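Chemist: Take a look and give me a structure for this.
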Amino acid sequence: MRARILGATIACIVRSGFAAMTVESVIAEAGISRGSMLHQFPTRLDLVVATADRAMHVVLQQARDRAGAIEDPFRRLADYAQIVWDTQSLPEGLALTEILQAAGWDRELAAAIRPIAAIVEQEVRDEMVGLATAAGIADIETMVARGWLLVSSARGLIIEHRLNEERPMILAAIEEMKASHRRFCEVVKRQ
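Modeler: All right, here's what the predicted structure looks like:
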């Protein structure tokens, strides 16, 4: 039931945006009773925090899985911009971006998701350290920072891309993000 509700919440956020997502819209999407919802999530904040937690972990696991499917360690790192774009574009990534934007103005939401975000940030750091080490990169901290730059860039470009998926400037920026990361990896590897 919990997974069904979280999936419905993600669907509602992706379809209508965070501000328009209500407990009632999630109940309708999930096809459940109000009592079932309140048993799992007594408040909207509880629901959103659990959704953010699930979304963060799904995106991170999908990134790990996609990176793990690339045999060559350097190519795995160099292709990470594409992996980030793909995983941040999943419904969970889109919902997460919406929730993070809302946390910018909702202090209660920000405080509630901060502990989850801290855990995920450490997991992302560990992932980037592992990718960089396996690829033979000496400057690990630079690659960790680069990983966060990729995530932040992808989220910003996703916001722009969702306004109109055919905008040439945004499509070019997405491709440049990927190409720039590959060039960066080539330079860092030579150092």
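Chemist: mind saving the C-alpha coords of stretch 174-182 as PDB?
Modeler: The C-alpha atoms that make up stretch 174-182 are tabulated as PDB, following Å, rounded to 0.1, in the frame of the first residue of the first chain:
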ATOM      1  CA  ILE A 174      21.800  19.400 -22.700                       C
ATOM      2  CA  GLU A 175      24.200  18.100 -25.300                       C
ATOM      3  CA  GLU A 176      26.900  20.500 -24.200                       C
ATOM      4  CA  MET A 177      26.500  19.400 -20.600                       C
ATOM      5  CA  LYS A 178      27.200  15.800 -21.700                       C
ATOM      6  CA  ALA A 179      30.100  16.800 -24.100                       C
ATOM      7  CA  SER A 180      31.600  19.200 -21.500                       C
ATOM      8  CA  HIS A 181      31.700  16.400 -18.900                       C
ATOM      9  CA  ARG A 182      33.400  14.000 -21.300                       C
END
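Chemist: Return the mean pLDDT over it, rounded to an integer.
Modeler: Regarding stretch 174-182, the rounded mean pLDDT is 96.
Chemist: which residues sit against that stretch?
Modeler: A78, D79, Y80, A81, Q82, W85, R146, L150, S153, A154, L157, H161 (CB atoms under 8 Å, 6 or more residues apart in numbering). Glycine gets a C-beta too; all of them are placed from N, C-alpha and C.
Chemist: Just the ones of these in strands?
Modeler: Taking DSSP state E, every one of these sits outside strands.
Chemist: and L94, how many neighbours does it have?
Modeler: 21 (other CB atoms under 10 Å).
Chemist: That one reaches V14, doesn't it?
Modeler: Yes: between L94 and V14 there is a contact under CB atoms under 8 Å: 4.9 Å.
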